[in-house]
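1. Here is a sequence with its predicted model. Questions after.
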Amino acid sequence: MSDQLNHIKTSDLLHELETRSGVEKVTAGLYSNYQLKRKYHKNRDPIEADVVLIVRDLCHLEA
């Protein structure tokens, strides 16, 4: 699957994900305080990002 996506720009993939059901785009940063940390990972340092994509529903994904 990753070989099929290698020729597609990351920004194009993210714009496509935004349009999918179960995915919500949340702006984060200077005026929107948040702290994102890995839940099940040894490194629990906060992750910095300008935009966070939240996947609310995995039921529609193919297995």
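-> That came in fine, so what should we check first?
2. residues making contact with the longest helix seen in the chain?
-> Identified as the longest helix of the chain according to DSSP state H is helix 10-18. Applying CB atoms under 8 Å, 6 or more residues apart in numbering, the contact partners of helix 10-18 are L5, V23, K25, L53. Glycine gets a C-beta too; all of them are placed from N, C-alpha and C.
3. what about burial for the residues you listed, which qualify?
-> Buried members of the contacts of helix 10-18, counted by 16 or more other CB atoms under 10 Å: V23.
4. Inside helices: which ones of the contacts of helix 10-18?
-> L5.
5. export the contacts of helix 10-18 to CSV and tack on pLDDT and distance to I47?
-> Shown next, in CSV, are the contacts of helix 10-18 (pLDDT from 0 to 100; distance: CB to CB, whole Å):
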residue, pLDDT, distance to I47
L5, 79, 22
V23, 77, 18
K25, 75, 16
L53, 73, 13
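6. centroid residue for the chain?
-> By CA atoms, centre = their mean, the chain has its centre lying nearest to L53, at 3.6 Å.
7. is it true that that residue touches R20?
-> No - between L53 and R20 there is no contact, the gap being 9.5 Å when judged by CB atoms under 8 Å.
8. Among the contacts of helix 10-18, which one sits closest to K39?
-> K39 has its nearest neighbour among these in L53, at 16.4 Å by CB to CB.
9. List the contacts of that closest one.
-> L53 touches L14, L17, E18, V23, E24, K25, V26, counting by CB under 8 Å, 6+ apart.
10. Tally up the residues packed near A49, please.
-> When neighbours are defined as other CB atoms under 10 Å, A49 has 13 of them.
11. Also R20?
-> 13.
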